[in-house]
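Asker: Just need the structure, nothing else, for what follows:
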Amino acid sequence: MSIAGGLSLLALFSPRLSQTQTSAEHSEEIASGKRIYESCIGCHRVGSDSSSGPNLIGLGYGEIVSSLHEYKSYKKVNIMMNQVALSLTDSQIRSVARYLSSQRSAF
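Answerer: Residues are numbered from 1 along each chain as shown. Coordinates of the predicted model:
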């Protein structure tokens with residue numbers, strides 16, 4: 001991979017604001033991610049029990065983006081998560097990752 005390609009990947013997974021993203025745009029991205037996440041809390045709730053999915057609050061931005069893309073491409077296989085990831089655009093994946101990574105877990 002070239003240095004430019006590596007830097008592009010770094011920028012993609014960086015939780016910091018891009019140079020062109022304003023504070024208002026960042027806030028809207030987080031708000032959008034929260035709206036998307038609300039459909040996930042049936043399985044991914046804070047303090048989740050063993051019958052549901054893992055708690056996602058506070059995970060790293062890159063970890064969430066990478067994981068959702070792996071579900072979307074079937075590198076990770078889980079019938080429910082594959083369908084959820086396929087239904088999300090790249091922008092929606094970034095928004096939900098931005099929201100989840102901006103939250104602090106109570107656990």
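Asker: tell me which residues in stretch 60-77 are buried?
Answerer: Residues 61-62, 64-68, 71-72 are the ones in stretch 60-77 that count as buried (16 or more other C-beta atoms under 10 Å). The way it works is simple: take the backbone N, C-alpha and C, and place the C-beta from them, glycine included.
Asker: Save the residues you listed as JSON lines, and put in secondary structure too.
Answerer: Listed next are the buried residues of stretch 60-77 as JSON lines, based on DSSP: H, G, I helix; E, B strand; the rest coil:
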{"residue": "61", "secondary structure": "helix"}
{"residue": "62", "secondary structure": "helix"}
{"residue": "64", "secondary structure": "helix"}
{"residue": "65", "secondary structure": "helix"}
{"residue": "66", "secondary structure": "helix"}
{"residue": "67", "secondary structure": "helix"}
{"residue": "68", "secondary structure": "helix"}
{"residue": "71", "secondary structure": "helix"}
{"residue": "72", "secondary structure": "helix"}
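Asker: Let me know the closest of the residues you listed to residue 101.
Answerer: The shortest gap between residue 101 and any of those belongs to residue 61, at 4.0 Å (C-beta to C-beta).
Asker: surely that closest one meets residue 99?
Answerer: No: Residue 61 lies out of contact with residue 99 (C-beta atoms under 8 Å); the separation is 9.8 Å.
Asker: Just the pLDDT at residue 80, thanks.
Answerer: Among the per-residue scores, residue 80 holds a pLDDT of 95.
Asker: That one contacts residue 44, correct?
Answerer: No: with contacts counted by C-beta under 8 Å, residue 80 stays clear of residue 44, the gap being 10.8 Å.
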